[in-house]
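K.L.:
What follows is a predicted structure for the sequence shown.
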Amino acid sequence: MGSIMNALYTAVSWVIMLIHDALSPVFGEGSGVTWTLSIIGLVLLIRIILIPLFVKQIKSQRAMTALAPKMKEIQTRYKDDRQKQSEEMMKLYKEHKTNPLASCFPILAQAPIMFALFTVLNGIGQAKPRGVLTMADVESAANAKFLGAPISETFLGSTNTTVKLVTVLLIIVMSASTFTTQRQLMVKGMPKNDDPNNMIMQQQKIMLYLFPIIFAISGVNFPIGVLIYWSTTNFWTWGQQYYVIKRNPTPGSPAYEELQKKKAAKGLIELPAVEEKAPEAPQGQRQQPKKNKKKRR
């Protein structure tokens with residue numbers, strides 16, 4: 001395990017230094033802009049590498065949506081036998097080659113990289129070079145600042161007011177961007193489903209509230225450089241997801257209906273005619289018409 005992590009320390013620090021050396025002639029070696037852009041560059045490279053995993057995530061989410069009726073049928077059939085219900089669910093996933101946890105894969109794939117970045121930046125704060133960083137690199141990075149706060153400092157590890165304000169700002173941005181990205185998927189990118197027992201919706205709701213809370217709590221231990229990394233990757237995820245929802249939405253989702261209406265307005269497709277329902281006959285006992293009594297002369 002140690003050799004794997006050392007390899008990640010080397011890879012992360014090498015990418016950062018590669019971008020840093022390319023930007024140094026423009027902004028200066030010890031500039032906070034240079035070090036901040038080096039971290040952002042690392043994000044962009046990692047997210048480009050993870051694009052195939054993101055595509056797999058989208059396909060898995062759509063497969064789970066298509067399986068929703070069968071999943072509901074299994075839940076109803078084995079509602080009194082949880083073990084049998086789980087077995088049948090796993091069999092269903094295996095038959096259709098999908099995984100209900102695929103939506104978490106991009107986050108899980110980034111976890112070792114974020115930990116490696118955390119260790120590298122933490123080493124800068126402790127004057128301990130990691131990976132390919134030299135002591136001169138560590139001293140340069142330790143003095144680099146983002147909005148006036150050293151990028152190696154943490155909320156709990158500093159008494160500096162500026163550091164605390166910057167970390168709180170980044171934690172809010174990180175948590176809010178996580179929430180809005182997940183909500184965007186639920187509101188626009190998923191088919192409408194009012195069933196409270198739908199497993200996909202339950203999973204998405206848990207992710208909607210759980211991940212922002214986790215990031216908000218754990219963020220006080222992250223160096224500012226890691227908060228920059230995670231905030232940047234959240235913005236990338238939001239933009240990437242927005243593009244997919246807008247250009248290639250899931251059938252049955254609100255975004256899909258909007259796209260179909262736009263295509264119909266341009267004459268590219270013809271929407272199916274909506275059948276009008278005949279008015280229902282009034283229920284209850286039929287009232288007899290009242291006869292007007294003629295007055296006697």
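P.N.:
Looks like it came in fine.

K.L.:
ranges for the helices of the stretch 51-200 of the chain?
P.N.:
51-77, 82-95, 105-125, 135-143, 161-188, 199-218 (DSSP state H, counting those that start in this stretch).

K.L.:
got JSON lines for those helices, with mean pLDDT too?
P.N.:
Compiled in JSON lines, the helices of the stretch 51-200 of the chain are given as follows (pLDDT from 0 to 100):
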{"stretch": "helix 51-77", "mean pLDDT": "75"}
{"stretch": "helix 82-95", "mean pLDDT": "79"}
{"stretch": "helix 105-125", "mean pLDDT": "78"}
{"stretch": "helix 135-143", "mean pLDDT": "86"}
{"stretch": "helix 161-188", "mean pLDDT": "86"}
{"stretch": "helix 199-218", "mean pLDDT": "73"}
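
K.L.:
Those into a markdown table, with extra columns for distance to Lys261 and mean neighbour count?
P.N.:
Backbone N, C-alpha and C define where each C-beta goes, glycine included. Formatted as a markdown table, the helices of the stretch 51-200 of the chain follow (distance: least, Cβ to Cβ, whole Å; neighbours: other Cβ atoms under 10 Å):
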| stretch | distance to Lys261 | mean neighbour count |
| --- | --- | --- |
| helix 51-77 | 21 | 16 |
| helix 82-95 | 33 | 13 |
| helix 105-125 | 31 | 19 |
| helix 135-143 | 52 | 17 |
| helix 161-188 | 14 | 18 |
| helix 199-218 | 24 | 15 |
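
K.L.:
and of these, who's closest to Pro25?
P.N.:
Pro25 lies closest to helix 135-143 among the helices of the stretch 51-200 of the chain, at 14.6 Å (Cβ to Cβ).

K.L.:
sorry, back to before: which one of the helices of the stretch 51-200 of the chain lies closest to Thr233?
P.N.:
helix 105-125 (6.8 Å).

K.L.:
tell me what that closest one is packed against?
P.N.:
Helices and strands touching helix 105-125, by 3 or more Cβ pairs under 8 Å, 6 or more residues apart in numbering; DSSP states H and E, are helix 2-27, helix 32-49, helix 51-77, helix 135-143, helix 224-247.

K.L.:
For the second one, the averaged confidence score.
P.N.:
The average pLDDT for helix 32-49 rounds to 88.

K.L.:
what about dumping the CA coordinates of it to CSV?
P.N.:
Provided in CSV are the C-alpha atoms of helix 32-49 (Å, rounded to 0.1, in the frame of the first residue of the first chain):
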residue,chain,number,x,y,z
GLY,A,32,0.2,32.3,-5.6
VAL,A,33,-1.4,32.5,-9.0
THR,A,34,1.2,30.0,-10.4
TRP,A,35,0.6,27.5,-7.6
THR,A,36,-3.2,27.9,-7.7
LEU,A,37,-3.3,27.4,-11.5
SER,A,38,-1.0,24.4,-11.1
ILE,A,39,-3.6,22.8,-8.8
ILE,A,40,-6.4,23.7,-11.2
GLY,A,41,-4.4,22.2,-14.0
LEU,A,42,-4.1,19.0,-12.1
VAL,A,43,-8.0,19.0,-11.8
LEU,A,44,-8.5,19.5,-15.5
LEU,A,45,-6.0,16.7,-16.3
ILE,A,46,-7.6,14.2,-13.9
ARG,A,47,-11.2,15.0,-15.1
ILE,A,48,-10.2,14.5,-18.7
ILE,A,49,-8.8,11.1,-17.8
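
K.L.:
doesn't Leu53 make contact with Arg109?
P.N.:
That one is not Arg; residue 109 is Ala. Yes - the pair Ala109 / Leu53 is scored as a contact, 6.0 Å apart, by Cβ atoms under 8 Å.

K.L.:
Can you redo the helices and strands packed on helix 105-125 as TSV, where the extra columns are distance to Asn160?
P.N.:
What follows is those, written out as TSV (distance: least, Cβ to Cβ, whole Å):
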stretch	distance to Asn160
helix 2-27	23
helix 32-49	15
helix 51-77	37
helix 135-143	13
helix 224-247	11
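
K.L.:
Looking at the ones you listed, spot the one closest to Pro254.
P.N.:
From the helices and strands packed on helix 105-125, taking Cβ to Cβ, the stretch that ends up closest is helix 224-247, at 9.4 Å.

K.L.:
Now that closest one: average pLDDT?
P.N.:
86.
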